[in-house]
Structure formats: structure tokens, C-alpha cells
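In: from the sequence below, what's the structure:
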Amino acid sequence: MKLADMDKSQLQAMKADLEKQYGEFKARGLKLNMARGKPSSAQLDLSMGLLHALDDCPLKDADGTDVRNYGGLNGIPEARALFGEIFGVPADQVIMGGSASLNLMYDTISRAFLHGVLPGSTPWSKVEGIKFLCPAPGYDRHFSICKSFDIEMIPVPLKEDGPDMDMIEKLLAADDTIKGIWCVPMYSNPDGITYSDAVVKRFANLKPAAKDFRIFWDNAYCLHHLYPDNPDHLANIYDACKAAGNEDMVYMFASTSKITFAGSGISAMAASPANIEFTSKQLNIQTISYDKVNQLRHCKFLPTKAAIEAHMAKHADILRPKFQMVVETLEKEIAPLGVAHWHNPKGGYFVSFYGMDGTAKRTVELCKEGGVVLTGAGATYPYGNDPHDSNIRIAPSLPPVEELKQAMELFCIAVKLASVEQLLAK
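Out: Numbers count the residues shown, from 1 in each chain. Model (predicted):
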């Protein structure tokens, strides 16, 4: 029976029963953390071969350069070629970074503030009131970068095929202080949406008033399929931008953070030749090089995109039962009540849950008091402001299945209780 069809006495009786169930959960003393999309120990174990990938191996890259020494600013040739294959661009349009692509994104914005985006362009720090478009719900760390640079964030609704392109085109055409947009184009964080070919083409054909506008294309989950035999497809944004005469407009980012060791992977950015040349000149002052030994280690362990895909199929076998259990639990416990909806993603790291308006913060609070820590309600929106207070990001990857089952039982009790409280308060 749907909650909206219950009378007050039925809701009060349900509330009393839920409070009893909730009290029993609190008494268990659970201490489970599902706040972030971390790989589980079983997933990390898949990459233990990394530790021996350089055993009895000459520590030289494809050019014969000793990777233990200085030099190789943009990365070793085989790492650039590997990520070129992933991005779908030539190897010489790739710059290798450290363990996190987030660092590359932060530095890219920092350089734009200090030096502009290309020779002769105005540094962003000299433009008053710059703004970024932020498809929402989105990745909270993107929003944190904007906040740290005092960049005004403009939320853009995320639809089933990608961001609201009508809104984006209209805003960009009218405002030259909008300098960028964050995109997680494949299995988006948290909704698991992959941008359609039509959306990618519209991105490539944007005509922003700001000539130094940049698309920050964070392809964090480009190889993270839950169903490797039936993955989503994402069009090549660089090819589309080049065809539209906008090849300088996009920066692409990716890493092995959820492929090998989350804290000890390698990352990369790709862009047009002009962008790469300008960035490399600045990097030459900032650093000698990133960790080339780790780059070589990764290239020996996973030498091709095909090797990575085979490796990621093993990740999928570990993750898929967890995601299926989350969705099946929601379908059984929450769907009949008519108070919520959620995405059933084909990849990525999250299930995006939408409860009744005004219930997300209460649900997260109840879960925390019951022993399960979730991502803070509102975190997936700029300034932490979910206008409906409805979205909750569920991260199933870290807990073992039995712990995840307990967490979802508590989550469903919390959703029901928060919903009943909301209806009784009307």
C-alpha cells in the first residue's frame, strides 16, 4: 500500500513499528561506512601483481630512459600511448600525472587563474565574478574545487541522456564570465548516466561567449562497466570537438584509481596540441616529472586497453552482486510505498536514490545514528544545497555483501520512517 493512501492512524501505527525496528538496529552497535565510493579489499587484491610487475625488468621506458632518474616530464611513452588509447587521442596529446586525476583538474584550474588557458588569454584571476556550470547531482569534489577558487557555481539539471543542453547553450551564449563546466560523462557520479551521442555532439558545437571557456571532461568511470558484455557507449568528445572546429575547448581526465590501487595509481589528462604545449611549458617549471617508476609498473601489469578491460571484468564480478542487492532491496522494501525512485546503473560506483522532498537529511541522520555513515545529504549539489532535499548517494562498493545487506535494511527503515514523519507533519 502506498504511504500517500494511508490515513493518519495507519501512518502512526507504521511509525511506531518502524521506531521499534530502528531501535533494534541501534542496539546492534553497527559501524559501517558507505560515505565514499572506495574499492573493496577484494578489488584491491586483484592488483597485487603490480608489486612484482618490475621484478627482473629493466627499469627503462620504451625510449630507453632510466625511469628512476630525472626527465620525462609528460610521462613515459608507453603510459601516454595507453591513455591515448583510452581517451581516443594520439599519445603525444596526453600528459601523465600522479595518483589522482583530481590533482590534475585542480592544477589545470590553478594555471588558468594564473596564466590563462592559452598564450595571450586573460588569466581568470583578472576576470571578476567567473562562473562554472555544474550538472547536478554531481561530484562533490568538483564543487569543492570551485569553492576553493571562489568560482560561482550554476547548477544545471541532469537529464536521462546528460545535462540540460538547452540551458547550457543559452547560458553560455549570454555570459562571457562562464569559464567552464564539469562533466562526468560516463556512468556519472552519482546517477550512473552516460551522455548520449547527441549530447556529446552538442557539447562539441557549443558557441560560448567566453573564448577561453573549457569543458572539464572527467572520464573517471570510462572502463567501469558492471555488465562488460553490454556496456554503455560514450562518443569521443575530442573527435567531435575537432570536427566542429573547437578542439581547444575540452580537457579530458582519467586515472587508474579504481582500476588498480586507489591511492597509488596513475592519472592522465588529454587535450589539443595547443593546450598540451601550453600546459607542458608550465609543468616544466612546476615539476621535474611525476612518478615514472609507477607508470612503468602499471604499463607492465596492464599494457593495453584490452588488458585493462579484462581486469575490469573481474572488478565487475565483485561489484555486480552488491549493486543488484541494493536495487533488489529497494524494489522490495521501498517501491510499493510510492515514495521514492532511483537509478539502476550499468556502471560506475553509485546508486542515486531520490526520496520524498524534505527527507534526505533526515534519512542520512537516522542512518548515522543507527551505525551507517552515508554521503551527506546535499553533497551532490553545488554549495551542498539540494533544492528538494531528496537525493542520497549510495556507495555499495566497500562493505562485504553481508554488511551491505545490514546497511540496506537500516537504510530502508530510515527512508520509511523519514517519509512517515514527513506525511504526519503535514
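
In: please count neighbours and contacts with C-alpha atoms only from this point.
Out: Fine.

In: separation between the closest residue to Thr375 other than its chain neighbours and Val326?
Out: Ranked by Cα to Cα, 6 or more residues apart in numbering and with sequence neighbours excluded, the top spatial neighbour of Thr375 is Ala35, at 4.2 Å. The gap separating Ala35 from Val326 is 15 Å, by Cα to Cα, to the nearest Å.

In: which one's more surrounded, the two?
Out: For Ala35 and Val326, the more surrounded residue by other Cα atoms under 10 Å is Val326, and the numbers stand at 22 against 16.

In: excluding covalently adjacent residues, which one is nearest to that one?
Out: Residue nearest to Val326 in three dimensions, not counting chain neighbours: Met408, with 6.7 Å by Cα to Cα, 6+ apart.

In: just the buried positions in the helix or strand in which that neighbour is found, please.
Out: Using DSSP states H and E, Met408 falls within helix 401-424. Of the residues in helix 401-424, those buried under the neighbour-count criterion (16 or more other Cα atoms under 10 Å) are 401, 404-405, 407-421, 423.

In: for stretch 132-144, same thing?
Out: Of the residues in stretch 132-144, Phe132, Leu133, Cys134, Pro135, Ala136, Pro137, Gly138, Tyr139, Asp140, His142, Phe143, Ser144 count as buried by neighbour count, 16+ other Cα under 10 Å.

In: show the average pLDDT along it.
Out: Mean pLDDT, computed over stretch 132-144, is 98.

In: the buried residues of stretch 132-144 in strands, which ones?
Out: Phe132, Leu133, Cys134, Pro135, Ala136 (DSSP state E).

In: and stretch 260-269, how far apart are its ends?
Out: Start-to-end span of stretch 260-269 (Cα to Cα) is 18 Å.

In: again, but for stretch 189-205
Out: Per Cα to Cα, stretch 189-205 runs 24 Å from first to last residue.

In: quick check: which element contains the closest residue to Lys207 other than its chain neighbours?
Out: Spatial nearest neighbour of Lys207, excluding adjacent residues (Cα to Cα, 6+ apart): Ala173 at 6.4 Å. Assigned by DSSP H and E, Ala173 belongs to helix 165-174.

In: mind listing what Gln93 touches?
Out: For Gln93, the set of contacting residues under the criterion of Cα atoms under 8 Å, 6 or more residues apart in numbering consists of Gly84, Ala270, Ala271, Ser272, Pro273, Ile276.

In: actually Tyr195, not the one I typed
Out: For Tyr195, the contacting residues are Asp161, Gly162, Pro163, Pro185, Met186, Leu234, by Cα under 8 Å, 6+ apart.

In: can you put those residues in CSV and add neighbour count?
Out: Converted to CSV, the contacts of Tyr195 look like this (neighbours: other Cα atoms under 10 Å):
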residue, neighbour count
Asp161, 16
Gly162, 22
Pro163, 22
Pro185, 26
Met186, 28
Leu234, 16
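
In: from those residues, which land in strands?
Out: Mapping those onto strands (DSSP E) picks out Gly162, Pro163.

In: widest-spaced pair of the contacts of Tyr195?
Out: Between any two of the contacts of Tyr195, the greatest separation by Cα to Cα is 14.2 Å, found for Pro163 and Leu234.

In: mean confidence (pLDDT) on stretch 36-43, please.
Out: For stretch 36-43, the mean pLDDT works out to 95.

In: what lies in contact with that stretch?
Out: When contacts are defined by Cα under 8 Å, 6+ apart, stretch 36-43 is touched by residues 258, 262, 315, 318, 349-350, 374-375, 395-400.

In: strands - which of the residues you listed land there?
Out: Leu374.

In: and the contacts of stretch 36-43, which is closest to Asp5?
Out: The nearest one, if we look at the contacts of stretch 36-43 relative to Asp5 and count by Cα to Cα, is Leu374, at 29.7 Å.

In: wait, what's in contact with the closest one?
Out: Leu374 makes contact with Asn33, Met34, Ala35, Arg36, Val364, Cys367, Lys368, Arg393, Ile394, Ala395, according to Cα under 8 Å, 6+ apart.

In: doesn't Ala395 make contact with the third one?
Out: So the one you mean is Ala35. Yes: look at Ala35 against Ala395 with Cα atoms under 8 Å: they come within range, at 6.7 Å.

In: domain assignment for the protein?
Out: Here the chain is described, according to automatic domain parsing, as comprising the domains 3-44+309-424, 59-304.

In: first to last residue in the longest one, what's the distance?
Out: Put plainly, it is domain 59-304. For domain 59-304, the separation between the terminal residues is 19 Å (Cα to Cα).

In: now find how far off-centre it is within its chain.
Out: 12 Å (Cα atoms, centre = their mean, to the nearest Å).

In: all helices for the stretch 201-350 of the chain, in order.
Out: Assigned helices in the stretch 201-350 of the chain, in chain order: 237-243, 273-286, 292-301, 305-333 (criterion: DSSP state H, counting those that start in this stretch).

In: pick the most deeply packed of the ones you listed.
Out: Neighbour counts averaged per stretch over those are highest for helix 292-301, at a mean of 22; criterion: mean count of other Cα atoms under 10 Å.

In: just the CA trace of it, in CSV.
Out: Extracted C-alpha coordinates of helix 292-301, given in CSV (Å, rounded to 0.1, in the frame of the first residue of the first chain):
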residue,chain,number,x,y,z
LYS,A,292,57.7,7.3,-13.9
VAL,A,293,58.5,4.1,-11.9
ASN,A,294,54.8,3.7,-11.1
GLN,A,295,53.9,4.5,-14.7
LEU,A,296,56.2,1.7,-15.9
ARG,A,297,54.8,-0.7,-13.2
HIS,A,298,51.3,-0.1,-14.4
CYS,A,299,52.2,-0.5,-18.1
LYS,A,300,53.9,-3.8,-17.4
PHE,A,301,50.9,-5.0,-15.4
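
In: what is the rounded mean pLDDT of it?
Out: Here the average pLDDT along helix 292-301 is 98.

In: dump the residue contacts of the residue nearest to Thr375.
Out: Taking Cα under 8 Å, 6+ apart as the definition, contacts of Ala35 comprise Val373, Leu374, Thr375, Gly376, Ile394, Ala395.

In: now swap in Val372 and tell me
Out: Contacts were defined as Cα under 8 Å, 6+ apart; by that measure Val372 touches Leu30, Lys31, Leu32, Asn33, Met34, Ala407, Leu410.
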